[in-house]
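Engineer: give me the fold of what follows.
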Amino acid sequence: RRLASEMNRLAARLLSWGKTGHIRAPWSIKTSGIRTICSFRGVLRHGSREKQPASSPEEVVRFSVVDRDGVTHQVQGKIGDNLLYLFHHFQESSDKLYLEGACEASLACSTCHVILDDNTYDKLEMPEEQEDDMLDQAACLTSTSRLGCQIILSKDLEGMVVKLPPYSKNFYVDGHIPQPH
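Structural biologist: Here you go, the predicted structure:
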């Protein structure tokens, strides 16, 4: 009984945070006498948020991607999407929009290196030291290079141009192409 009481107290606190937009509790708790039932709603996996459609037109962020062949693609995401995971979603419709992300956004590689237009680069906060360290290892580095895993879409990025470098180098296993999961 005490455990059920503590779980309900915690759930109430988490749900109140969810109402303010901080989180949405991934479970629901029902107490019936001594029996407590805890059920989980699907917890999002890496990149699954980017597969969800925008809930309103105001959330949509449209931008251009220049692939490795120089062809420009008009794409869109939504506010809050991670650029690396968004590319994994784009890859399902066009293999020309491939961005590896070997470390799954843990800032341990440079395989999600992208080149931004000057205007977009200036809108973003300066890269942190850990990102700079990884960029030092990136192939085809430019003055406006960033790691795609560190870019979160906002309305300020509407109209940005993202260019894929001619190639990237996975120092761990070159030639192996991991599949997003």
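
Engineer: after the helix or strand bottoming out on mean pLDDT in the chain comes which helix or strand?
Structural biologist: Using mean pLDDT, DSSP states H and E, strand 35-40 stands out as the lowest-scoring helix or strand of the chain, at a mean of 45. Under the assignment DSSP states H and E, the closest C-terminal helix or strand after strand 35-40 is strand 60-66.

Engineer: neighbours around the closest residue to residue 123 other than its chain neighbours, how many?
Structural biologist: Nearest residue to residue 123 in three dimensions, chain neighbours excluded: residue 156, at 5.3 Å (Cβ to Cβ, 6 or more residues apart in numbering). No exception for glycine: its C-beta is placed from N, CA and C like everyone else's. Residue 156: 12 surrounding residues under other Cβ atoms under 10 Å.

Engineer: residue 156 looks like it's in a helix, true?
Structural biologist: Yes. Counting by DSSP: H, G, I helix; E, B strand; the rest coil, residue 156 is part of a helix.

Engineer: how close does it sit to residue 94?
Structural biologist: 26 Å (Cβ to Cβ, to the nearest Å).

Engineer: what segments of the chain are strands?
Structural biologist: Ranges of strands in the chain, per DSSP state E, are 27-32, 35-40, 60-66, 72-78, 113-116, 145-147, 161-163.

Engineer: helices or strands up against the fifth one?
Structural biologist: It stands for strand 113-116. Here strand 113-116 touches strand 145-147, strand 161-163, going by 3 or more Cβ pairs under 8 Å, 6 or more residues apart in numbering; DSSP states H and E.

Engineer: ok, now the third one?
Structural biologist: Taking 3+ Cβ pairs under 8 Å, 6+ apart as contact, the helices and strands that strand 60-66 lies on are strand 72-78, strand 161-163.
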